[in-house]
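Visitor: Fold the following.
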Amino acid sequence: MEAELKKVETAIGRLIADVEAGAGASVRDRLRQREREKSDLLARPKHLDGLARSPWLDTLTLRARLQAEVAEWRTALTEESVKARQIVRKLLKGRLLFAPDPEHAIYTITGQPSYGRLLAGVVQNRECPRGDSNTRHAV
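Guide: Here you go, the predicted structure:
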């Protein structure tokens, strides 16, 4: 990165000399572009530091918790109908639709899944280390 920064600073120096010698608007535009590149290069270490300090998702723990929840729900679905209905409500947005298929003597069941309420108790929203709600760090 230091080599890139030195290259940009050298280019900026040449462009400043050209502007001072009376170069046109295109040279001033290139100078502005190089100054933006320099700013980006200088901001990169701060950005990387912010990413290193940001909260991370522990996928192994999350997977274990989700598997435990699913196992509990499987048991509830087979043993307790009241709990089974509560779980199905958490997994659906709206109602299930049952459409008869007389030709095959079956019903086709359709519904819109929703995983937000399913994960609400498992995935916790963590605060941004900077204290705001924007978890995307600017470059």
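
Visitor: Please count neighbours and contacts with C-alpha atoms only from this point.
Guide: Noted.

Visitor: hang on, residue 35 packs against residue 11?
Guide: No. Between residue 35 and residue 11 no contact is recorded; they are 9.6 Å apart, counting by CA atoms under 8 Å.

Visitor: can you give me the helices for this protein?
Guide: With DSSP state H as the criterion, the chain has helices at 2-20, 25-53, 59-79, 81-91, 116-119.

Visitor: what's the angle between the second one and helix 2-20?
Guide: When axes from the mean of the first three to the mean of the last three CA atoms, to 10 degrees is applied, the directions of helix 25-53 and helix 2-20 differ by 150 degrees.

Visitor: rewinding a little: out of the helices of the chain, the one nearest residue 102 is which?
Guide: Closest approach to residue 102 among the helices of the chain (CA to CA): helix 81-91, 26.1 Å.

Visitor: Run through the neighbouring helices and strands of the closest one.
Guide: helix 59-79, helix 116-119 (3 or more CA pairs under 8 Å, 6 or more residues apart in numbering; DSSP states H and E).
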